[in-house]
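Visitor: just the structure for this:
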Amino acid sequence: MSQTPYSELAQQQLDLALQVARISIDSAEKLLQLQLDAAKEALDESAETAAKFADIKDPQAALAVRAELAEQTMGSMLGLSRNIYELAAQAQAELAKLGEARAGALQQSLLEGFDKFGKAGPAGSDALSSAFKSSISASQAAFDSLNKAARQVAEFADASLKAATTATTESVKTTKRK
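Guide: Next up, the predicted model:
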């Protein structure tokens, strides 16, 4: 027994919603794990710092420990922000891939519909069907070009962010040495 077009559409929408939910839940789970790991690391560092401050005998040693603590904190925060950014970028890429697949399926469905319309319609409907198909193909080509440009911009922004993070980390290390 074949499904009606409406039940097929409903099934496709349900599948899409489940895929989006799975991506969202997986990303939230990874984010929560990152936060838990960061909290554990912060607790361990706090214990180490307390022990270092307890052993301090003079003000110069206190300043040295404070500078070391600032560097550790900055490094930890940069690492955490980098991991969160990478997680968000990964989730966005998965959702974009899903959207692109869905758009491709929709285009294919429209083209098949126009083929059916051209074959089953009155005389002259072939020309109208061909015009629609041509228009959809041109729109898809424009969408693909814009999508490719958007991906390139996102890759450039990603590379810039990573370079800025690296430069900040190096700057903090250089400042500490002085």
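Visitor: work out the gap between the lowest-mean-pLDDT helix or strand in the chain and the centre of the chain.
Guide: Among the helical and strand segments of the chain, the one scoring lowest on mean pLDDT, DSSP states H and E is helix 125-177, with a mean of 73. Relative to the centre of its chain, helix 125-177 is centred 12 Å away, using C-alpha atoms, centre = their mean, to the nearest Å.
Visitor: which elements pack onto that helix?
Guide: helix 59-120 (3 or more C-beta pairs under 8 Å, 6 or more residues apart in numbering; DSSP states H and E). C-betas here are computed from N, CA, C, even on glycine.
Visitor: average pLDDT for the helix it packs on?
Guide: Computed over helix 59-120, the mean pLDDT rounds to 85.
Visitor: could you give the angle of it to helix 125-177?
Guide: 170 degrees (axes from the mean of the first three to the mean of the last three C-alpha atoms, to 10 degrees).
Visitor: show me what helix 59-120 packs onto, helices and strands only.
Guide: helix 5-54, helix 125-177.
Visitor: could I get those as TSV with mean neighbour count and distance to Gly104?
Guide: Compiled in TSV, the helices and strands packed on helix 59-120 are given as follows (neighbours: other C-beta atoms under 10 Å; distance: least, C-beta to C-beta, whole Å):
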stretch	mean neighbour count	distance to Gly104
helix 5-54	12	13
helix 125-177	12	8
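Visitor: include distance to Ala105 when you put these into a markdown table, please.
Guide: As requested, the helices and strands packed on helix 59-120 are exported to a markdown table (distance: least, C-beta to C-beta, whole Å):
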| stretch | distance to Ala105 |
| --- | --- |
| helix 5-54 | 8 |
| helix 125-177 | 12 |
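Visitor: number of residues surrounding Phe114?
Guide: 22 (other C-beta atoms under 10 Å).
Visitor: from Ala21, how far out is it?
Guide: In this structure, Phe114 lies at 33 Å from Ala21, with C-beta to C-beta, to the nearest Å as the measure.
Visitor: could you do Met74 as well?
Guide: When Met74 is compared with Ala21 (using C-beta to C-beta), they lie 36 Å apart.
Visitor: same question, Glu86
Guide: Glu86 sits at a distance of 22 Å from Ala21 (criterion: C-beta to C-beta).
Visitor: likewise for Gln11?
Guide: Noted for Gln11: a distance of 15 Å to Ala21, by C-beta to C-beta.
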